[in-house]
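Q: need a structure here:
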Amino acid sequence: MKLYIKYMVSIRCKMAVKTELEKLGLKYIILELGLVETMDELTPKQLLELKEALFKCGLELMDDKKAVLIEKIKGVIIEMIHYSDELPKVNYSDYISEKLGQDYTHMSKIFSEVKGITIEHYIIAHKIEKVKELLLYDELNLSEISYKLNYSSVAHLSQQFKKVTGLTPSFFKQLKDKKRNPLDNIGII
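A: Take a look at the predicted model:
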């Protein structure tokens, strides 16, 4: 049985879901960001118990088709930007469409309709958050970060960073109180 989980955006979330599944004695085949596939169909009682346990962890079981699609899109973007060693060299629209096996125009329309933000702006918000993270680690210079995140130039990265944050990357790096956003809050209007 496939279960889609809202707000499951990090490795910690996966660990929390795994723990709750084990507590309830539920066996799973797949445990990915936003998705769990159990070995057996769950009874209504088991579903309710899992729903309540996940809610206590700040997660939600989803059954609305649009919400499921949006979480899948968000999951692909988060995985692509935050958990891949390098970003795909193809258009992001092609990448997302291929990963989810759906028409990008259809997905884009639903995403914008429900989230109030385009997929492109959602991707940009995540890329900027990744830039912040890499600046904080202080292991890569801006040129290397630009290359790693497929920006056409350092100037393009800097321009986009300033547009989103109101700060230049170098000014952000000098701040004492560097603000980062949790992954599940990025792109929220």
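Q: C-alpha only now, for contacts and for neighbours.
A: Fine.
Q: what about Gly27, distance to Glu49?
A: Actually, residue 27 is Lys rather than Gly. 15 Å (CA to CA, to the nearest Å).
Q: oh sorry, the question was meant for Lys130
A: From Lys130 to Glu49 the distance is 35 Å (CA to CA).
Q: ok now do the residue positioned nearest the centre of the chain, which residues does it touch?
A: The centre of the chain sits closest to Ile78, judged by CA atoms, centre = their mean, with a distance of 2.8 Å. Taking CA atoms under 8 Å, 6 or more residues apart in numbering, we find Ile78 in contact with 9, 126, 183.
Q: Next: Met8.
A: 14, 33-34, 59, 184.
Q: of those residues, buried ones?
A: 14, 33-34, 59 (16 or more other CA atoms under 10 Å).
Q: what two of these are the furthest from one another?
A: The most widely separated members of those are Leu33 and Leu59, with 11.5 Å between them, by CA to CA.
Q: After the helix-or-strand element of the chain with minimal mean pLDDT, which helix or strand is next? Please name it.
A: Ranking every helix and strand in the chain by mean pLDDT, DSSP states H and E puts strand 60-62 at the bottom, with a mean of 86. Downstream of strand 60-62, the next assigned helix or strand under DSSP states H and E is helix 65-82.
Q: what comes up buried for that next one?
A: Here helix 65-82 shows 67-78, 80-82 as buried, counting by 16+ other CA under 10 Å.
Q: Over to stretch 151-170?
A: 151, 157-158, 160-162, 168-169.
Q: Among those, name the ones in helices.
A: 157-158, 160-162, 169 (DSSP state H).
Q: still on that earlier bit, and which of the buried ones among the contacts of Met8 is nearest to Gln102?
A: Closest approach between those and Gln102, by CA to CA: Gly34, at 17.3 Å.
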